[in-house]
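1. here's my sequence, what's the structure:
(one chain, ligands or ions: 1)
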Amino acid sequence: MADSTGYEAHIDRLRGLSYPVGVYRPPSEGGSFSLLLRISENCPWNKCTFCNMYKGHRFVYRSVADIKADIDTVRVMQEEITAISRKLGFGGMVTREVARAILRADPPVDRDHSFAGMFNWLSSGGKTAFLQDANSLIMRPAEFVEVLRYLRERLPSLERVTSYARSKTLAQRKPEELQAIREAGLDRIHVGLETGDDEVLQIINKGVTSDEQIAGGRKAVEAGFQLSLYWMTDLGGRRRWRQHAENTARVLSAIDPHYIRSRPLVPRRGTPLYSEYEAGNLILSSPHERLQELEVMIGNLDVTSRVCFDHAMNSWTDGRGRLLFKQDYEGYQFPDEKEFVLERIRRGLSVDESSHVSVDELIAMGTF
Ligand code: SF4
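-> Have a look, this model is predicted:
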């Protein structure tokens, strides 16, 4: 039978507890309800012309002590919520009923962003964490190792810990530093590669060369990380589409990451790239032209990666109103499914172009 004695005491201890949570994380981490923890704040580079994620926000290097304090807060919240569940007769399971009981007793908790994240994380088993913000590898390696060890020790239910990093930073790290970070408990790194073409890299001010991308990517794979790389269809526009496609395939093939994720370009208002687009200096491709670029990129890929289209921007259809590509987080296994993906591209090219969503429509819909 449920024991309600002391239930209020747990609510009291939960009251006022929170920890900072950033805005951005990869979609796959949302799908798995990862615990979000801020290792640093915003982006230390913050100069890519297509990106508005952290504009106007200065980079903050967080101290080990502050991050450990946040991890302690997560641990206490986890213990208190689990204890409340037991008192309510749910045996430690974090269910909707448990959340409702907490919010009834202390409605202000509902307004706290970290509570919602914590609740979703616990209710899905507390298995994964994503370390924010844009480039956790910027942290001094010894400090990052200390944070990761503490995280794994204090939150032992974690089975997977992931983070964002820049290729440039990966290239700058020594192999033994990356290995130490891997062994301390970071499993997967998400990197915005965007393009492997040096001219386009310069135009978008990515702050990295294709040689550095390859060096950083290979180092990450050799250190034992799962590597997830993102690229942007049409980032070179009509003028540079072929070099963008061929060089992106060249860089991805040289790295052979675990995941390749497609994010077709949709210019974001307020960015330098959007101004170029508005001024007519960047001419974007039509839906069929984008598929042709994709055909060249995929055709040139020589990888054993999973190739994914896990975002709504991959909106091409097959003429019957169905999406051309599945949008799940595991995508297609290459090289086995390469021909299948190429066949889907040819299918998309065979239907009337007006049945695909145009870039203008994507901008209008705000699908990004
Ligand atoms: S490194 Fe990433 S977060 Fe930083 S400006 Fe470039 S795209 Fe944006």
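
2. please enumerate the strands of the stretch 1-150 of the chain.
-> 35-38, 40-41, 60-61, 128-132 (DSSP state E, counting those that start in this stretch).

3. want to try TSV for those, with mean neighbour count, distance to R15 and mean pLDDT as columns?
-> Yep, even glycine has a C-beta here, placed from its N, CA and C like the rest. Formatted as TSV, those follow (neighbours: other CB atoms under 10 Å; distance: least, CB to CB, whole Å; pLDDT from 0 to 100):
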stretch	mean neighbour count	distance to R15	mean pLDDT
strand 35-38	24	21	94
strand 40-41	20	26	96
strand 60-61	13	27	96
strand 128-132	25	24	95
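
4. and L37, what is it in contact with?
-> Contacts here follow CB atoms under 8 Å, 6 or more residues apart in numbering; on that basis L37 touches Y19, V21, I67, D70, I71, V74, A129, F130, L131, Q132, L151.

5. Q172 versus that one, what's the distance?
-> Computed as CB to CB, to the nearest Å, the L37 to Q172 distance reads 24 Å.

6. give me every residue in the chain lying close to the ligand.
-> Within reach of the ligand by CB under 6 Å from any ligand atom, the chain has these residues: C43, W45, N46, K47, C48, C51, M53, Y54, A134, R166, G192.

7. so what's the second one up against?
-> Think W45. For W45, the set of contacting residues under the criterion of CB under 8 Å, 6+ apart consists of A134, N135, R166, K168, G207.

8. buried among these? Make that a PyMOL selection.
-> Selecting the buried subset of the contacts of W45 in PyMOL, with 16 or more other CB atoms under 10 Å as the burial test, is done by:
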select buried, resi 134+135+166+168
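
9. which members of the contacts of W45 occur in helices, if any?
-> K168 (DSSP state H).

10. now the contacts of W45 in CSV, with distance to K87?
-> Rendered in CSV, the data for these read as follows (distance: CB to CB, whole Å):
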residue, distance to K87
A134, 40
N135, 42
R166, 46
K168, 50
G207, 52
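
11. touching the least confident helix or strand in the chain by mean pLDDT from outside, list them.
-> Ranked by mean pLDDT, DSSP states H and E, the helix or strand of the chain with the weakest confidence is helix 27-31, at a mean of 74. Counting by CB under 8 Å, 6+ apart, helix 27-31 makes contact with L36, T128, F130, T162, S228, D310, H311, Y329, all of which sit outside it.

12. please apply the same query to stretch 145-153.
-> By CB under 8 Å, 6+ apart, stretch 145-153 touches 37, 39, 64, 67-68, 71, 129, 139, 158, 161, 180-181, 184-186.

13. what's around E246, how many residues?
-> By the criterion of other CB atoms under 10 Å, E246 has 17 neighbours.

14. ok, it to S228 distance?
-> Note on E246: its distance to S228, by CB to CB, is 22 Å.

15. do the same with N247
-> Distance of N247 to S228, computed by CB to CB: 20 Å.

16. so T95 sits right up against L122, yeah?
-> No. With contact taken as CB atoms under 8 Å, T95 and L122 are classed as non-touching, separated by 9.7 Å.

17. for the two, indicate the residue with more neighbours.
-> Just comparing T95 and L122: by other CB under 10 Å the higher neighbour count belongs to L122, 24 against 15.

18. list the contacts of the more buried one.
-> Taking CB under 8 Å, 6+ apart as the contact definition, L122 lies against Q78, I81, T82, V94.

19. try it again at 10 Å.
-> By CB atoms under 10 Å, 6 or more residues apart in numbering, the residues touching L122 are 33, 35, 74, 77-78, 81-82, 85, 92-95, 98-99, 157.

20. then R344?
-> Contacts of R344 were listed using CB under 10 Å, 6+ apart, and they are L291, L294, I298, F309, W316, D318, L323, L324, F325, K326, Y332, E337.

21. I'd like to know how far it sits from F115.
-> 42 Å.

22. also G321?
-> When distances are taken as CB to CB, G321 and F115 turn out to be 40 Å apart.

23. more neighbours: those two, which one.
-> F115 (22 against 7).

24. mind checking pLDDT for that one?
-> Confidence at F115, expressed as pLDDT, is 80.

25. how about the one 5 residues further on?
-> With respect to pLDDT, N120 scores 87.

26. list the contacts for the residue nearest to it when sequence neighbours are not counted?
-> Once flanking residues are discounted, N120 sits nearest to F33: 4.3 Å by CB to CB, 6 or more residues apart in numbering. Under the criterion of CB under 10 Å, 6+ apart, the neighbours of F33 are G117, F119, N120, W121, L122, S123, S124, G125, G126, K127, T128.

27. try it again at 7 Å.
-> N120, W121, S124 (CB atoms under 7 Å, 6 or more residues apart in numbering).

28. any idea how far Y277 is from the nearest residue to I204 once chain neighbours are set aside?
-> Of all residues beyond its chain neighbours, the one nearest I204 is T49 (5.0 Å), with distances taken as CB to CB, 6+ apart. Taking CB to CB as the criterion, T49 is separated from Y277 by 11 Å.

29. looking at the two, which one has more neighbours?
-> Relative neighbour count places Y277 above the other of T49 and Y277, with 22 against 17, counting by other CB under 10 Å.
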